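**Q** Just to be clear, the model below is a prediction. Sequence and coordinates:
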Amino acid sequence: MSQPEASAPPPRPVDAPQPSRHPAPLPRGGWQEVLHEVFGLDLRSLGLMRILLGAMLLLDTAVRSTDISNFYSDQGAFPRTAVLEMGWSQWRWSLHMGTGEPKLIGVLFAIQAVFAVMLMVGYRTRLATIASWIFVVSLHARASLVLQAGDILIRLILFWSMFLPLAARFSVDALRGAETPRPPRLAVSLATVGLMLQMAYMYLFTAIMKSGGVWQNGMAVYYALSIDHYVKQPQTSWVMQLPNFMKFLTGSTMVLEYAGPVALFSPFLRGPIRTLVCAAFIGLHIGFFTFMEIGFFPWICMIAWVGILPGWLWDKLSDWQIVRHGPPLRVPLPVNAFLALCLVIVTWWNMSTIHKQVGRSMAVPEQIRWIGNVLRLDQKWDMFAPYPMKDDGWYVLPGRLSNGQSVELWRKEPTRWVPVDTSDGHVPILNELDESLELERFKPAEASSEFKSQRWRKYMRNLWVKTNKSWRLYYGKHVCREWNATHKGGESLRSFRMVYMKEYTPKPGGKTKIEPVLIWKHDCFKSNDQVKSNNEDKPAEAAPAGGLGARPAGAALPAGVNAPAVGTALLPPPPPTLAGGEEEADPAAEPPAPIDP
């Protein structure tokens, strides 16, 4: 009687860990094992990073979806015609530029959320990782003015993750695959080197760029925690009462950012030292989250450090010693060759950002620069560099309705007008109907809470920067469109002004000053060209006593204006900052150019 033929085993999923053709373990204690321990990543750490990364992508997609109309449709602040008009790079690409309809954009968001869930659970992980990277890059190109450092980092993590075995642990793909004879513990390739170097570069190069004096004299944390539109209260106020502690934080931050990237690749005490480095940087970002509103940036950094945790820590926390017997996973040579090119581009790109510190230009050659632009490997880590901003502020948007009433559009309340008093030398924003009144320079109780999300905080902060002036037109059109969609007749909005209340950060114990700056005037019923013409920079006339801005020579001061005492400077010199709103980088800044950094 013939025996039935044995059925063929089911095909192994692509993302499941593959058994090695050379299962012999590497010699213990040899130089090869040292290299693998230094440049390899534990599969359990990568699996946990994948879960957290998918969850972060899902959360980010959900938060962004609340602003589909505002930021990603033609009805919002970034219509596609404007994005192209501002200088769309030939190397940029975006699926989201294919439509301006909010409903269709919503479909793209839904697809992106599906891939994020697939990544989180580890189902078809390679496909989910590649698709997530594509959607993230596409979304970043669509509205780059709302981006911050966390966005740059997450797209770079996804890039290197496309070449990592994220599904080898804690995944549906691993459950669907057959057990390997000797499960590997490490993944070793240029992708693992790339992820580790990427994290090391972020801290090392921002440390190099922190060349300002406040980083040397210990005052940097004081100025960072004085940026009202970022800090959280009341915990920040408590720390501000501890000057020596703030100096300690300044010094320890610099030590960590210089020493941490080097210690990460220590060949000695590899497990304990790498664990300590990961814990130190995770602690740094817990501190950022505790005191500052900078979006998902701290969490994305912590997720990346979870992926770098050594197997030594896992072994201390579990009995999974058996996984030490398998050889490390490797990737094919052609893939490593491609990754080697990407590593060169990333390294060169970071070197080009410190040309001021090293005194020479190191621009990425055009022959390979285009590759970095297409793959979005471009980056610049200038957080709090060369020093934290020494001024910040908040917006007031006084508007005029068709019935003549005044309304403050940012807070949806009546505009606050007070009698003009320029005794401190500020230039007032006058009431259009009564020049004896000026816009009140009140300070919000907690400026950081006035924004709907970190996206709005970054967007409004970037609108203040002079190089982004052209984008104010589209913000003005968006404000008019949103208000007039729900207010008709006499309550419709005719015009408004964008006023930035700029507050200088004094030295400890000093007195601050609030300077109102008119950055845009918008008429809802005039053409784009007319609005632009009204906002063109014009030669300013000499300011009269009292600092009321351009007025005819010899004109009388409005009623209620107090002229400064004889010999008093009209406008005292401001702290060091670029003119016209062009200030240094903030905690999570991408290069200021909105389309092509």
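**A** Right, received. Where do you want to start?
**Q** And the nearest residue to Arg80 once chain neighbours are set aside, how far from Ser45?
**A** For Arg80, the nearest residue in space outside its immediate sequence neighbours is Gly100; the separation is 5.4 Å by CB to CB, 6 or more residues apart in numbering. C-beta: built from backbone N, CA, C; applies to glycine. Distance, Gly100 to Ser45, by CB to CB, to the nearest Å: 41 Å.
**Q** follow-up on the earlier one: phi, psi for the residue nearest to Arg80 please.
**A** Here the main-chain torsion angles of Gly100 (degrees, to the nearest 10) amount to phi -120, psi 10.
**Q** Who are the contact partners of it?
**A** Contact criterion CB atoms under 8 Å, 6 or more residues apart in numbering gives 73-75, 79-80 as the residues in contact with Gly100.
**Q** So among the residues you listed, where is pLDDT lowest?
**A** Looking at these by pLDDT, the weakest one is Gln75, with 92.
**Q** pretty sure that residue contacts Arg481?
**A** Yes. At 7.1 Å, Gln75 and Arg481 qualify as touching, with contact defined as CB atoms under 8 Å.
**Q** Those two: which is more packed in?
**A** When neighbours are counted by other CB atoms under 10 Å, Gln75 and Arg481 differ, and Gln75 comes out ahead with 17 against 14.
**Q** that's a helix at that one, yeah?
**A** No. The assignment for Gln75 by DSSP: H, G, I helix; E, B strand; the rest coil gives coil, which leaves it out of any helix.
**Q** which stretches of the stretch 401-550 of the chain form strands?
**A** When secondary structure is read from DSSP state E, counting those that start in this stretch, the stretch 401-550 of the chain shows strands at 406-408, 413-414, 417-419, 437-439, 493-504, 513-523.
**Q** is it possible to export the ones you listed to JSON lines including mean neighbour count?
**A** Putting the strands of the stretch 401-550 of the chain into JSON lines (neighbours: other CB atoms under 10 Å) gives the following:
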{"stretch": "strand 406-408", "mean neighbour count": "19"}
{"stretch": "strand 413-414", "mean neighbour count": "10"}
{"stretch": "strand 417-419", "mean neighbour count": "15"}
{"stretch": "strand 437-439", "mean neighbour count": "23"}
{"stretch": "strand 493-504", "mean neighbour count": "21"}
{"stretch": "strand 513-523", "mean neighbour count": "18"}
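**Q** Redo the ones you listed as a markdown table? Include distance to Val117 and mean pLDDT.
**A** Supplementary listing: those in a markdown table, determined by distance: least, CB to CB, whole Å; pLDDT from 0 to 100:
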| stretch | distance to Val117 | mean pLDDT |
| --- | --- | --- |
| strand 406-408 | 42 | 95 |
| strand 413-414 | 41 | 93 |
| strand 417-419 | 52 | 95 |
| strand 437-439 | 48 | 95 |
| strand 493-504 | 40 | 96 |
| strand 513-523 | 41 | 95 |
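**Q** can I get these in a markdown table with distance to Gln216?
**A** Shown next, in a markdown table, are the strands of the stretch 401-550 of the chain (distance: least, CB to CB, whole Å):
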| stretch | distance to Gln216 |
| --- | --- |
| strand 406-408 | 42 |
| strand 413-414 | 44 |
| strand 417-419 | 42 |
| strand 437-439 | 39 |
| strand 493-504 | 22 |
| strand 513-523 | 26 |
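**Q** between those, which one is nearest to His285?
**A** Across the strands of the stretch 401-550 of the chain, His285 has its closest neighbour in strand 493-504 (27.0 Å, CB to CB).
**Q** Specify the angle between the closest one and strand 513-523 in degrees.
**A** For strand 493-504 against strand 513-523, the angle by axes from the mean of the first three to the mean of the last three CA atoms, to 10 degrees is 160 degrees.
**Q** and strand 493-504, what does it pack onto?
**A** Where contact means 3 or more CB pairs under 8 Å, 6 or more residues apart in numbering; DSSP states H and E, strand 493-504 is packed against strand 391-396, strand 398-401, helix 472-484, strand 513-523.
**Q** Let me know which of these is the nearest to Leu145.
**A** Taking CB to CB, helix 472-484 is the member of those nearest to Leu145, at 9.7 Å.
**Q** So what angle separates the directions of the closest one and strand 513-523?
**A** 70 degrees.
**Q** Would you mind giving me the confidence score for the closest residue to Gly106 other than its chain neighbours?
**A** Distances taken as CB to CB, 6+ apart put Ile68 closest to Gly106, at 5.8 Å, once the chain neighbours are dropped. What the model reports for Ile68 is a pLDDT of 96.
**Q** any idea how far Ala143 is from Ile68?
**A** Spatial separation of Ile68 from Ala143 under the definition CB to CB is 11 Å.
**Q** which stretches of this protein aren't confidently modelled?
**A** For the chain, residues meeting the criterion pLDDT under 70 lie at 1-29, 178-183, 319-330, 538-597.
**Q** Quick one: the helices in the stretch 1-150 of the chain, in order.
**A** Listed from the start of the chain, the stretch 1-150 of the chain has helices (DSSP state H, counting those that start in this stretch) covering 31-39, 43-65, 68-71, 80-85, 102-121, 125-142, 149-161.
**Q** any idea which of those is most buried?
**A** Of those, the one with the most neighbours on average (mean count of other CB atoms under 10 Å) is helix 149-161, at a mean of 24.
**Q** elements contacting that one?
**A** When contacts are defined as 3+ CB pairs under 8 Å, 6+ apart, helix 149-161 packs onto helix 43-65, helix 125-142, helix 190-209, helix 297-308.
**Q** and the second one with helix 149-161, angle?
**A** In this case it means helix 125-142. Using the same axes, to 10 degrees, helix 125-142 lies at 150 degrees relative to helix 149-161.
**Q** ok, back up a step: out of the helices and strands packed on strand 493-504, which comes closest to Asn336?
**A** With respect to Asn336, and counting by CB to CB, the nearest of the helices and strands packed on strand 493-504 is helix 472-484 at 44.7 Å.
**Q** Next, the buried residues of that closest one.
**A** In terms of neighbour count (16 or more other CB atoms under 10 Å), helix 472-484 has its buried residues at 472-480, 482-484.
**Q** and stretch 272-283, C-alpha only, in CSV?
**A** Output of stretch 272-283 as CSV, limited to C-alpha atoms (Å, rounded to 0.1, in the frame of the first residue of the first chain):
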residue,chain,number,x,y,z
PRO,A,272,25.8,48.5,30.5
ILE,A,273,27.2,51.5,28.7
ARG,A,274,24.7,51.4,25.9
THR,A,275,21.9,51.0,28.4
LEU,A,276,23.1,54.0,30.4
VAL,A,277,23.3,56.1,27.2
CYS,A,278,19.8,55.2,26.1
ALA,A,279,18.5,55.8,29.6
ALA,A,280,20.2,59.2,29.8
PHE,A,281,18.7,60.4,26.5
ILE,A,282,15.3,59.1,27.4
GLY,A,283,15.6,61.0,30.6
